[in-house]
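In: Pasted the sequence and its predicted model underneath.
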Amino acid sequence: DELHFHFELFDNDIISGPKKTVSGEFVARLPSLADLFETLESQEEDLTQGLDERLEEVRALQEQLQKVELDLVKSEDVDWEQKQAIKKQLERFKKEAEALQEMAETLEKMAELDEKHNLFSDELRKKFDELQNLVSQLINDELMNKLNQLDQNLDSVKLDDLKKAMSELAQNADQIEADLDRFLDLFKRVQAEQKMDEISRRLEAMVKEQSTLDKKIQQTPEDVDPSDRARLSEDERRIRDEWKQTLTAMEEGAEQVRKFSPETAAGLEEMRNSDTAQQAGENLQSTMNQLSDSQMTQASMSSSQALQNLSDLSSQAQQLQTMFQNQTADAMAGKFRSLMRDLLSLSKSQESLLNTTQSTAAHSSRYREQAAQEQVLKDQLLQTMSKLMELSRETFAVTPEMGKALGMAAVQMEGAKQALSERNRNAAMKGQESAMASLNSGARALGSAARQMQQSGSASGFEQFLAQMQSMAGQQQSLNQQGLPLLMGQSGASLRQQLMQRMLAGQQGIRKSLQQLMDEMRSSGNPQTGDMGGMARGMDEVIRDLQAGRYTRKTRTRQEQILSRMLDSQKSLTQRGKKEERKSRTASQVAATGPGGLPTDLGQRRSEVLEALNDALQAGYPADYQVMIRRYFNSLNSQSLPASESTGDSSP
């Protein structure tokens, strides 16, 4: 639909009469669902193309950094040409950082489009949030600061420091390439899920539109005004055009999901080429033509048949979407269980070797043979770890805990092997027992991830991360509530100091948990949910205020912003997207009888309790929390009023 409008402006010339000016015509176009998805797919295509270009550039940058690093190793001093070569590579690194930022902005535009028009399901929305933050975290502030410092101080940097800096840059480039590869693989999986969701949503929307139109057609008499009949025909034409675009989406969707679920791809092709799909298009076209030809009875029949066709196809699409989710989740869970069985098998072999070591005499020559067996087990573990790393390219469910458990097992196996080589039976047995415990821990984590994946029906695996963020959000919310007495000045100096120290310790604890989560996500290649950098900066500011003995409204606002970021990250604790709408009212006459024409209460110190109540009610808490908050503040206000009235003290 299009809305055409213009503005007319009149003056108030009462002598010669009001004059008028007219603006040019404006056109506001209301996009269809097809237009919105087309815009989204165009942005995704640009993003994919940008990813391919970034990968090529990063690989070329890696080669140049390695060449510069090798030249520095051979040099005893840094000459002018080498410095120019380093400057050139630093500039390339900065350009890549800017390009990656543009990719993050593209994802942000996609998120804004979804937020405005509600194109994604909640699960898909979480995944796009994660993808956006994965790109934005590829190059962090710390790395950019190092780049700028190195560029500015290149002339004064010592050779050894320069070698170290170039080695770190080369390693960062390697990590960026690995993260981009992983992002591309995950993005394709999310795109496949999105396409299935899109097809289902399009058909569901068409069923609603056709149902509304069908009711109008059934109620329209044969002698209806031609303009009304033409409008009905135009509405049907739009639904028919949407149907044609949905057929194209089915074809594209079959190609996108084929890699992850051939059965779903075959189901989409079968649905697209089915008799029901063909009849739907024919009935939509017939309805449109019959409306144009004033054949209302025939149009009514064709419309009802089209509605039935679309309803059947919508049900099929939902079944295919469910099948796709279940199959991909089951397949991914199967891979996790396969790795879990490998670890359990290794644990069993490690236990057998431990028993052999335990029964071996102190000076036996069999320790060398057992050391070789330990090396074999370690090699098998390294193969399993490699499989786990490959799996992390397909799902976010590979957690840092899994990698940590397997890494610890490898270290402990190496220690046991060394002890066996030295015939140190006690040390060897201790290392073998620890390796078994680490292997079992890793197996439990894999099994838990597989169960959660099947329960959620999602192969992408965001639930584990969201659970951690939810836990921190609960801690932050509890901490924020502790600050209300400080804000109102209701506590004495001693109690205030104790409360400050308790809040400081609590905020530092949450900050430490957040930093640990950020470090784990960065080291394991997992993305970060929400604006974690913004959360960290906000917490640092709150900690500085508390360390200085300050707790102001600004401190309180920062804490609420931290909580809001956390809730936005995992969307599970409080209402999201629901807020009190602004209300307007007609102005009324105010009688001002105070000094200087001011209202009588202006100039008097306002109630800190009531102000704190207003702040709390505007902080975004759910309705049941707001009831509790009102009761709490009303109680405080009733207690504080008599004391202030009896003493005449206006201080809080």
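Out: Ah, there it is.
In: drop to CA atoms for contacts and neighbour counts, all remaining ones
Out: Noted.
In: can you pull out the helices in the stretch 301-450 of the chain?
Out: Along the stretch 301-450 of the chain, counting by DSSP state H, counting those that start in this stretch, helices occupy 367-391, 400-421, 425-456.
In: could I get those as CSV with distance to Leu354, mean neighbour count and mean pLDDT?
Out: Shown next, in CSV, are these (distance: least, CA to CA, whole Å; neighbours: other CA atoms under 10 Å; pLDDT from 0 to 100):
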stretch, distance to Leu354, mean neighbour count, mean pLDDT
helix 367-391, 9, 17, 91
helix 400-421, 10, 21, 90
helix 425-456, 6, 21, 88
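In: Dump those helices to a markdown table, plus distance to Glu282.
Out: Listed next are these as a markdown table, based on distance: least, CA to CA, whole Å:
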| stretch | distance to Glu282 |
| --- | --- |
| helix 367-391 | 46 |
| helix 400-421 | 54 |
| helix 425-456 | 39 |
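In: Of all those, which one is nearest Gln325?
Out: Smallest distance to Gln325 across the helices of the stretch 301-450 of the chain (CA to CA): 9.2 Å, for helix 425-456.
In: Pull the contacting residues for Met103.
Out: 47, 50-51, 135 (CA atoms under 8 Å, 6 or more residues apart in numbering).
In: again, only this time at 10 Å
Out: 46-48, 50-51, 54, 97, 109, 132, 135-136 (CA atoms under 10 Å, 6 or more residues apart in numbering).
In: now for the helix or strand harbouring Ser471, which elements pack on it?
Out: Using DSSP states H and E, Ser471 sits within helix 463-482. Contact analysis of helix 463-482 by 3 or more CA pairs under 10 Å, 6 or more residues apart in numbering; DSSP states H and E lists helix 122-136, helix 425-456, helix 493-524, helix 553-570 as its packing neighbours.
In: Of the contacts of Met103, which is the most crowded?
Out: Neighbour counts for those were taken using other CA atoms under 10 Å; the highest belongs to Gln132, with 24 neighbours.
In: Low-confidence ranges, the stretch 51-200 of the chain, go.
Out: 121-123, 125-127, 129-130, 132-134, 136-137, 139-141 (pLDDT under 70).
In: can you pull out the helices in it?
Out: 80-117, 122-136, 141-152, 159-218.
In: Dump those helices into TSV; add distance to Glu234 as well.
Out: Below are the helices of the stretch 51-200 of the chain laid out as TSV (distance: least, CA to CA, whole Å):
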stretch	distance to Glu234
helix 80-117	23
helix 122-136	33
helix 141-152	54
helix 159-218	11
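In: So which of these is nearest Gln327?
Out: helix 159-218 (12.0 Å).
In: Please find the angle between the direction vectors of that closest one and helix 367-391.
Out: The directions of helix 159-218 and helix 367-391 differ by 50 degrees, with axes from the mean of the first three to the mean of the last three CA atoms, to 10 degrees as the criterion.
In: relative to helix 80-117, how tilted is helix 159-218?
Out: Comparing the axes of helix 159-218 and helix 80-117 via the same axes, to 10 degrees yields an angle of 20 degrees.
In: what's the angle from helix 159-218 to helix 141-152?
Out: Using the same axes, to 10 degrees: helix 159-218 against helix 141-152 is 130 degrees.
In: Could I get the full set of strands for the stretch 201-350 of the chain?
Out: In order along the chain, the stretch 201-350 of the chain carries no strands (DSSP state E, counting those that start in this stretch).
In: And for the closest residue to Phe260 other than its chain neighbours, the neighbour number?
Out: Closest residue to Phe260 apart from its sequence neighbours, by CA to CA, 6 or more residues apart in numbering: Thr328 at 6.5 Å. Residues contacting Thr328 under the criterion other CA under 10 Å number 22.
In: Thr328 and Ser261 touch, don't they?
Out: Yes - the pair Thr328 and Ser261 qualifies as a contact (CA atoms under 10 Å) at a distance of 6.7 Å.
In: Can you work out which residues contact both of the two?
Out: With CA under 10 Å, 6+ apart, Thr328 and Ser261 have no common neighbours.
In: coming back round to it: output the helices and strands packed on helix 463-482 as CSV; include the columns distance to Gln375.
Out: Shown next, in CSV, are these (distance: least, CA to CA, whole Å):
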stretch, distance to Gln375
helix 122-136, 37
helix 425-456, 12
helix 493-524, 25
helix 553-570, 43
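In: Average pLDDT for the helix holding Ser471, rounded please.
Out: The average of the pLDDT scores along helix 463-482 is 73.
In: For Arg238, see how far away the nearest residue to Glu236 once chain neighbours are set aside is.
Out: Distances taken as CA to CA, 6+ apart place Met288 nearest to Glu236, at 5.6 Å, with adjacent residues excluded. Separation of Met288 from Arg238 (CA to CA, to the nearest Å): 10 Å.
In: go on, Ala254?
Out: Ala254 is 24 Å from Arg238, by CA to CA.
In: Have a look at the two and say which one is more surrounded.
Out: Neighbours were counted for Ala254 and for Arg238 using other CA under 10 Å; Ala254 has more, 24 against 17.
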